[in-house]
Every structure is written in structure tokens, then in C-alpha cells.
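Engineer: just a sequence and a predicted model for now, questions to come.
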Amino acid sequence: MSQRRVVVTGLGATTPLGGDVDSTWKAVLAGQSGVRLLTDDWRELLPVHFAARVATEPADQMERVEMRRLDRSEQFALIASREAWKDAGSPDELDKERLGVVIASGIGGVITLMDQFNILNEKGARSVSPHTVPMLMPNGPAANVGLELQAKAGVHTPVSACASGAEAIGYAFEMIKNNRADIVVSGGVEAACHQLPMAAFAAMKALSTRNDDPARASRPYDRDRDGFVLGEGGGILVLEEYEHAKARGAKIYCEISGQGLTSDGYHIAAPDPEGSGVQRAIKFALQNAGMTAKDIVHLNAHATSTPAGDVAEANALRKALGADADHVAVSATKSMTGHLLGGAGAIESVFLVKALQDRLAPPTINIENLDPAVTVDVVRDTPRALPAGDIAALNDSFGFGGHNVVLVFNSI
Amino acid sequence: MALAQADVLAGLKEIVEEVAGIPAASIELDKNFTEDLEVDSLSMVEVVVACEERFGVKIPDEKVTDLVTVGDAVNFIVSASN
């Protein structure tokens, strides 16, 4: 069998910067922050009073009756998938046994879990919603999208904390490569802006506490960064076998040509300061794509704005790419979106696809003083033009547990 | 004192509309919950619990399968309220 190639034919998103891809991307290029003070009373319980909630509430994008049996993470998945499917030209005539869905979430339906726990305590077991389990299960977002599209090649949910979204796209890539499917709707979502997960991340000292200036709290690579900002939303990519896409005359954004997966074996939450797992993931991803570091012009970094993580990643990038890192424009879009956890790798892959399409690397905002330990070329404040011709870019994502995922996208 | 059938029907219409999104105007006594109104088994559980709260009656689980039509539910609630 000839080598099957995989391309991107549709994009969808709902993020702290916009209710769809276009509005989100426009805000990213303009360097806007999606981080705001929380308006919930419970914020006073926490040391952190802000987060990056979605710009458009699901209630404005879907019917009330549909919403009430979906967790917020599932609502995000359906909203973004509908946009992506439409963007791909709604290929409904496809044999559904050749259609897959791989959508991740890092945490699952935690808001549903907590709400129903409160109902149990206040009103008793009989009042617990019969929809609770399908709403809280982490595979719920993928399952609901699979159901809507009638996908029958397989519906999957890889879970690897903040690497989940990228891992889902990699899984989808493999499904098409291995001839299990011709189209796979893939990505990641997260809806965890709730007092419990926020208190838990705060207890790890992982969150920024810059309560007096939320829009400047997410500041990857800045000397004074003090933690990540929790975000919510999701991103979806329609991946498709290249010949299949050409045969139906689909709009082709770019190719996804490789992935590298490794694990650290170092610590349950801290990054390996040597970053050897990240370096190996980059090496494997480039090998998998049949490329070298010379081919890479842009990288959407994981860079969450934590003191340890950003430098460990930057060091690993420098070591893995060597002198070629000098021509890689590194963007940390979490400076604007906050950290979407299981949605992060997915929305950042959407940004990578848009960057290749527009030939523009998005900016990193809020760097007032670049940390001198960061030795990669960071795109600051305004977008940077990417070269003409054949170009390739990387998205790296890491998760608590020591998961490393690197994806390679290239122009076509 | 038993609830009036018309009051129960009106309340049930509101509940089914809320739970399943069926317009109240299309909910009539002879409508079948699953076949006509597409209320699935999970949503039926919601309808039952909401009815218990609203009308102050108990609807035992073993009775739920007998409530095939809207009229069955209304009649059960009216007699249970007696």
C-alpha cells in the first residue's frame, strides 16, 4: 500500500478570544488577552480571582434543551466540531465506517460532577440527573460528536492531562495513516473554570495570583511570570486522507506529517529540567515526518507561564533544534488564551494551521522583560511574517504525568 | 383533595417542554412519550422526578413503565394525589 498522507480540511474553535476560528485568530494576531476577573462569588474562596472563560457562552450557540443534557466541555466540543465540519464542506456522503472522532479532555465533566454532588447532598439521590454519567465521562465530548456525525470507524479519547489535545490529533493522524479511516474529527476541549479545580491547581502553586492585573497574568518567558492562567474552550481539526480530500475537491489547509510521543519518567507534575523527553519527542516527530530541524520555521510552544516549565521547554527546544532554532519563530499563545489544559494542544494546532495559511507567526504578549534563561527566538507583541515556499512548523504539548507530544504540520 | 386533571396536564406540559424541548402545544393526552414525543428513557426519569416535586406525589419506579402516554401519567398523578 502506498504511503497515505494526512491533510487538514476543516477547523473549529470556541475560545476565550472568540466563538469561532476567525474571531479567535483575529484577536490572536491583534495580541488581545482573553483573561478576565471572575464574576462568581466563589472567587473570594481562592487565592486566584481570574480565568480565561470562553468569549461566547454556549447558550448563544446552541439550543437550551440540547445544552441541559451536555456538560460544558461537551457543549464546546459540539460547537467547535460543527464549525469544523462545515468548514470541511460537510462531507456527509462519506461512508460513516470510514469516519472517526478523537477528542480529548484533560479532566472531563468536572462541573457536572460537582453540581450533581451538591444536588445529591441537598435533595437526595432521586434528584441526581440521569444524564450525569454521560455528562461527566471524559469521553463524553468525543462520544457526542461521534453520535452527531454517526462516526463508525472509532471514537477515542486519549487522556494525558495538558498534552491530551495534541495526543488526540496524533491519534487521529495515525488512524488515517493506518487506513482505519479517511476522515477523523480531532481535537480537545476543557471546561474546568470551577472553584474546585482552580483551588487544586492553586494548591500546587501552579496558577498565577496576579489578581491586580489579570490581562497581564499569563506571561510566558517573562522574567516575572508566576504561574499559568486557567482557560476554557476547545479546538477541532478535521483531518483527512490527502487523495480523499483531493477527490472531493476539499479546501486543503496544510499537511500533518508527523508526531513524536515520549514520557519523562521523572516526576508526577514537575518538568524534567534536562528536557530529554521533550528533545526525544521532537527528534521522533521530525523523523516521522521525514524532516530535519532545517525545515522548521515556526513553533507554537507549550509555554504555560510557570517559572520552571517555560525555561525547561526552551532549553529542550534549543538542544533539540541546535543552531536551527535560530530560524524558528517561537510563539506562546497561552499568553492570550490562558491554558486550556486538554484543549491546549488542539487550539494551538488550530493556530499553527492558521499561521501556515497566513504565513504569520502569532505574537506572545506580556513579555516586559524576557527571561535571560530563554534562548529561543520568541515572537513578541506583534505577528511575524513566515517565509514563502515550503515551510513546516511544530506544536509541542506536555502534561502532568510527564507526557510529551510533538506534532509536525507543513504547507502543501 | 385530588388535583384537577387540567392542572396536572398543564404542569406536565411545562415539564416535558423543559426536559425534552417539545412545544407544550403539541403535548396532548393521547401522545405516546417515546414514539410521539421522543422522550428517551433517561429524559423520562427526569420527567418523573420533576412531576414528583411539582405535584407532591410518589411515582414508584415499577409504575413508570406503565406510563406510556401523557394521559397515563396525568391519570396516575391525579389518583396518587387523592
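Structural biologist: That came through, no problem.
Engineer: against A:Cys162, how distant is the residue in the stretch 51-200 of chain A that chain B sits nearest to?
Structural biologist: The minimum distance from the stretch 51-200 of chain A to chain B, using Cβ to the nearest Cβ, falls at A:Val65 (3.0 Å). Using the backbone N, CA and C atoms, a C-beta is placed for each residue, glycine as well. A:Val65 sits 33 Å away from A:Cys162, going by Cβ to Cβ, to the nearest Å.
Engineer: out of these two, which sits in the more crowded spot?
Structural biologist: A:Cys162 (27 against 14; other Cβ atoms under 10 Å in any protein chain shown).
Engineer: which residues does the more buried one form beta bridges with?
Structural biologist: Under the criterion DSSP bridges, A:Cys162 forms beta bridges with A:Ser160.
Engineer: ok, now which ones touch it?
Structural biologist: A:Gly106, A:His302, A:Thr304, A:His339, A:Leu341, A:Gly342, A:Ala344, A:Gly345, A:Ser397, A:Phe398, A:Gly399, A:Phe400 (Cβ atoms under 8 Å, 6 or more residues apart in numbering or on different chains).
Engineer: pull out the buried positions in the lowest-mean-pLDDT helix or strand in chain A.
Structural biologist: Within chain A, no helix or strand scores below helix A:64-67, which has a mean of 90 by mean pLDDT, DSSP states H and E. Counting neighbours by 16 or more other Cβ atoms under 10 Å in any protein chain shown, one finds that the buried residues in helix A:64-67 are A:Met67.
Engineer: can you give me the pLDDT of the residue nearest to A:His194 when sequence neighbours are not counted?
Structural biologist: Excluding its sequence neighbours, the residue lying closest to A:His194 (Cβ to Cβ, 6 or more residues apart in numbering or on different chains) is A:Ile111, at 5.1 Å. Note on A:Ile111: pLDDT of 98.
Engineer: A:Ile111 and A:Gln195: what is the separation?
Structural biologist: In terms of Cβ to Cβ, A:Ile111 sits 10 Å off from A:Gln195.
Engineer: more crowded one of those two?
Structural biologist: A:Ile111 (21 against 17).
Engineer: please report how far the more buried one lies from A:Ala346.
Structural biologist: 19 Å.
Engineer: try A:Met291
Structural biologist: Relative to A:Ala346, and taking Cβ to Cβ, A:Met291 is found at 22 Å.
Engineer: of the two, which one has the most company?
Structural biologist: More crowded of A:Met291 and A:Ala346, by other Cβ under 10 Å: A:Ala346, with 33 against 17.
Engineer: can you confirm the more buried one is in a helix?
Structural biologist: Yes: the assignment for A:Ala346 by DSSP: H, G, I helix; E, B strand; the rest coil puts it in a helix.
Engineer: for it, give me its contacts.
Structural biologist: A:104, A:165-166, A:168-169, A:186-189, A:234-237, A:340.
Engineer: ok, A:Met204 next?
Structural biologist: A:Ala269.
Engineer: who's in contact with residue 37?
Structural biologist: With no chain named, the answer covers chain A. A:Arg43, A:His49, A:Phe50, A:Asn211, A:Pro214.
Engineer: let me rephrase: I mean chain B.
Structural biologist: So B:Leu37 contacts B:Val16, B:Ala20, B:Ile22, B:Ser26, B:Ile27, B:Lys31, B:Val70 (Cβ under 8 Å, 6+ apart).
Engineer: correct me, but A:Ile347 touches A:His339?
Structural biologist: No: taking Cβ atoms under 8 Å as the definition, A:Ile347 is not a contact partner of A:His339, at 10.3 Å.
Engineer: pick out whichever of the two has more residues nearby.
Structural biologist: A:Ile347 (34 against 29).
Engineer: mind checking how far the more buried one is from chain B?
Structural biologist: 30 Å (Cβ to the nearest Cβ, to the nearest Å).
Engineer: ramachandran angles for the closest residue to that residue other than its chain neighbours?
Structural biologist: Closest residue to A:Ile347 apart from its sequence neighbours, by Cβ to Cβ, 6+ apart: A:Gly235 at 3.5 Å. Dihedral pair for A:Gly235: phi -130, psi 140, per degrees, to the nearest 10.
Engineer: follow-up on the earlier one: helices - which of the contacts of A:Ala346 land there?
Structural biologist: A:Gly165, A:Ala166, A:Ala168, A:Ile169 (DSSP state H).
Engineer: tell me the pLDDT at the last one?
Structural biologist: Per-residue confidence (pLDDT) for A:Ile169: 98.
Engineer: quick one, strands of the stretch 251-400 of chain A?
Structural biologist: A:254-263, A:296-300, A:329-331, A:360-361, A:384-385, A:392-399 (DSSP state E, counting those that start in this stretch).
Engineer: output those in JSON lines; the columns should cover mean pLDDT and mean neighbour count.
Structural biologist: Output for the strands of the stretch 251-400 of chain A, formatted as JSON lines (pLDDT from 0 to 100; neighbours: other Cβ atoms under 10 Å in any protein chain shown):
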{"stretch": "strand A:254-263", "mean pLDDT": "98", "mean neighbour count": "22"}
{"stretch": "strand A:296-300", "mean pLDDT": "98", "mean neighbour count": "27"}
{"stretch": "strand A:329-331", "mean pLDDT": "98", "mean neighbour count": "25"}
{"stretch": "strand A:360-361", "mean pLDDT": "98", "mean neighbour count": "24"}
{"stretch": "strand A:384-385", "mean pLDDT": "98", "mean neighbour count": "14"}
{"stretch": "strand A:392-399", "mean pLDDT": "98", "mean neighbour count": "28"}
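Engineer: between the ones you listed, which one is nearest to A:Pro58?
Structural biologist: Closest to A:Pro58 of the strands of the stretch 251-400 of chain A is strand A:392-399 (Cβ to Cβ; 24.5 Å).
Engineer: the closest one vs strand A:296-300, what angle?
Structural biologist: For strand A:392-399 against strand A:296-300, the angle by axes from the mean of the first three to the mean of the last three Cα atoms, to 10 degrees is 30 degrees.
Engineer: alpha carbons only: can I get strand A:392-399 in CSV?
Structural biologist: Only the C-alpha atoms of strand A:392-399 are listed here, as CSV (Å, rounded to 0.1, in the frame of the first residue of the first chain):
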residue,chain,number,x,y,z
ALA,A,392,6.9,23.4,8.3
ALA,A,393,6.0,24.1,11.9
LEU,A,394,5.8,22.3,15.2
ASN,A,395,3.4,22.2,18.1
ASP,A,396,4.6,20.8,21.4
SER,A,397,2.4,19.9,24.4
PHE,A,398,3.3,18.4,27.7
GLY,A,399,1.1,17.1,30.5
